[in-house]
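# Attaching a predicted model along with its sequence, questions to come.
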Amino acid sequence: VVSWNSIMSAFARHGHLDEAERVFNEMPERDLVSWNTMLAPYAQNGNITGAKKLFDELPMRDLVSWNVMLTAYSQDGHISKTLWVFKEMPEMSLVSWNALLAAYTQNADLEKAKEIFAVMPEHNVASWNSILLIYGNACEIKQSRETFDAMPQHNVASWTAMLSIYGQNGDLENSKSCFGCMPEKDLVAWTAMLVAFTHNGHLQDAQEMFDAMPFQSVVPCNAILAAYAQSGHLMRAKALFDSMALHNPASWSAMLSAYSIHGHIDDSKSLFMDMPQRNLASWSGMLQAYTGKGHLEDAKCTFDAMPQHSLGSWTSMLGAYAQGGYVLEAKQLFDKMPLKDSLAWHVLLSGYAQNGHVELARQMFDSIPDQN
RNA sequence: AUUCCCGACAAGC
């Protein structure tokens, strides 16, 4: 069984889930490890429903199975579900506590995270890493650094987290020195350094990282692709996109939104048609292509065809009507919005104002709940 | 390296 399990997990590690499943189906006998090996990728890919479904089908469950389920929720920041599983599980380990802690980190809930950290029976590097991250996400760089200095050990994740935090705050020098100090550099570390460069507008340095990187993966490709795309190097971005062996949803949406933002509607459209699956970001990207150029008919068709809407898609459509002077349509759409944030009010109001509907604008202004 | 915890990627907000 152990050999079969090893083969399975090797496939799963490299993303060949279909192969892993084939092995699972073919093996003469299966133990809990086999089942858990099948379960884990669901959590790692953020497929909560898939994880839950398989979890419910498990013939037996051990601590690992429960932990996998716990992290499936935790990674998505579902606090209530995470807590529910945490309370439901028959026993828990340090891993379980860390997963719970990570859920609060996802939610940027510093107070709760500190509370959990204080009550958990023991800590390891992963627990400390969560704390330094949560400070970093709250822009408490000093606290983050103090945590880093105070923790008993560091691993690659600690160094990489610190590197990214500096990068997010524009401190490239410290990012670079983290990268230099790391005893071991893996794919994630390299990518984090690359991203620190792209997010701070250092395309050249990013490209050098990319070229020097001893690993290859879709993630760093996406990062550099997005950097080129955003800065208007569309040909270069497209060439990179075409050369990539693998595309994930992030690759598609980086490319699509670049076309849309820069007004290349036809390219947006053909890319959109080529997409193997479309998520909310894809639809929004396509919508943005039309609204940005005032193609109201196409925009509306796209909007109506969307399987789901976000606040952003509503506002985008609303803005297109308002900018085009179609205040009636704008108002109708506005009334249908299930949720109206201040941006939506603002967009509609500006639409009235810019098109000379002073009286309507005034009436609208008076009915705004939050008039700042 | 038989399965579980922490760090990297797109876009909107």
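It's in.
# Tell me where the model's unsure across chain A.
Applying pLDDT under 70 to chain A flags the ranges A:370-372.
# Run a quick neighbour tally on A:Leu17.
With neighbours defined by other C-beta atoms under 10 Å, the count for A:Leu17 comes to 14. Placement of C-beta: from N, CA and C, glycine included.
# what's in contact with stretch A:296-314?
A:280, A:283-284, A:286-287, A:290-291, A:316-317, A:320-321, A:324, A:326, A:333, A:337, A:339, A:341, A:344 (C-beta atoms under 8 Å, 6 or more residues apart in numbering).
# Weed out the non-buried ones from these.
If you count burial by 16 or more other C-beta atoms under 10 Å, the buried members of the contacts of stretch A:296-314 come out as A:280, A:283-284, A:286-287, A:290-291, A:316-317, A:320-321, A:324, A:326, A:333, A:337, A:344.
# Nearest to RNA strand B among those residues?
A:Ser284 (5.7 Å; C-beta to the nearest atom of the strand).
# Keep only those of the contacts of stretch A:296-314 that are also close to RNA strand B.
With C-beta under 7 Å from any atom of the strand as the criterion, the contacts of stretch A:296-314 include A:284, A:341 near RNA strand B.
# Identify the residues contacting A:Leu101.
Per C-beta under 8 Å, 6+ apart, neighbours of A:Leu101: A:113, A:116-117, A:120, A:127, A:130-131.
# and it, what helix or strand is that in?
Element membership of A:Leu101, judged by DSSP states H and E, is helix A:94-106.
# Send over the helix or strand following that helix as CSV, restricted to the C-alpha atoms.
The helix or strand immediately downstream of helix A:94-106 is helix A:110-119, counting by DSSP H and E. Taking Å, rounded to 0.1, in the frame of the first residue of the first chain, the C-alpha atoms of helix A:110-119 are listed here in CSV:
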residue,chain,number,x,y,z
LEU,A,110,-5.2,40.8,14.1
GLU,A,111,-6.9,40.7,17.5
LYS,A,112,-8.4,37.3,17.0
ALA,A,113,-5.2,35.9,15.6
LYS,A,114,-3.3,37.1,18.6
GLU,A,115,-5.9,35.5,20.8
ILE,A,116,-5.6,32.2,19.1
PHE,A,117,-1.8,32.4,19.2
ALA,A,118,-2.0,33.0,22.9
VAL,A,119,-4.2,30.1,23.7
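# Can you give me the buried ones in helix A:110-119?
Buried-residue list, helix A:110-119, by 16+ other C-beta under 10 Å: A:110, A:112-113, A:116-117.
# Quick one: check the helix or strand that comes right after it for contact with RNA strand B.
Next helix or strand after helix A:110-119 toward the C-terminus (DSSP H and E): helix A:125-137. Yes - residues of helix A:125-137 contacting RNA strand B under C-beta under 7 Å from any atom of the strand: A:125-127, A:129-130, A:133.
# I'd like those as JSON lines, with neighbour count appended.
Formatted as JSON lines, the residues of helix A:125-137 next to RNA strand B follow (neighbours: other C-beta atoms under 10 Å):
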{"residue": "A:Val125", "neighbour count": "16"}
{"residue": "A:Ala126", "neighbour count": "17"}
{"residue": "A:Ser127", "neighbour count": "19"}
{"residue": "A:Asn129", "neighbour count": "25"}
{"residue": "A:Ser130", "neighbour count": "26"}
{"residue": "A:Leu133", "neighbour count": "23"}
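# got the angle between the helix or strand where A:Ser144 lies and helix A:110-119?
Using DSSP H and E, A:Ser144 falls within helix A:141-150. Helix A:141-150 runs at 20 degrees relative to helix A:110-119, counting by axes from the mean of the first three to the mean of the last three C-alpha atoms, to 10 degrees.
# For the stretch 201-350 of chain A, list the residues in contact with RNA strand B, please.
So the stretch 201-350 of chain A meets RNA strand B at A:217-220, A:222-223, A:226, A:230, A:248-251, A:253-254, A:257, A:261, A:279, A:281, A:284-285, A:310-312, A:315, A:341, A:343 (C-beta under 7 Å from any atom of the strand).
# wait, what's in contact with A:His123?
A:94, A:117.
# what's the answer for the one 5 residues further on, then?
Shown here is A:Trp128, whose contacts under the criterion C-beta under 8 Å, 6+ apart are A:147, A:151-152, A:158.
# Name only those of the residues you listed that count as buried.
A:147, A:151, A:158.
# For the second one, give me its contacts.
For A:Met151, the contacting residues are A:125, A:128, A:132, A:158, taking C-beta under 8 Å, 6+ apart as the criterion.
# Going through the residues of the stretch 201-350 of chain A next to RNA strand B, which ones are buried?
Buried among these (16+ other C-beta under 10 Å): A:218-220, A:222-223, A:226, A:230, A:249-251, A:253-254, A:257, A:261, A:281, A:284-285, A:315.
# filter the buried ones among the contacts of A:Trp128 down to the ones near RNA strand B?
A:Ser158.
# if we can go back for a sec, now flag whichever of the residues of helix A:125-137 next to RNA strand B is closest to A:Asp274.
Here the nearest of those to A:Asp274, counting by C-beta to C-beta, is A:Leu133; it sits at 36.5 Å.
# number of nearby residues for the nearest residue to the closest one once chain neighbours are set aside?
Once flanking residues are discounted, A:Leu133 sits nearest to A:Ala161: 5.1 Å by C-beta to C-beta, 6 or more residues apart in numbering. Neighbourhood size, A:Ala161 [other C-beta under 10 Å]: 25.
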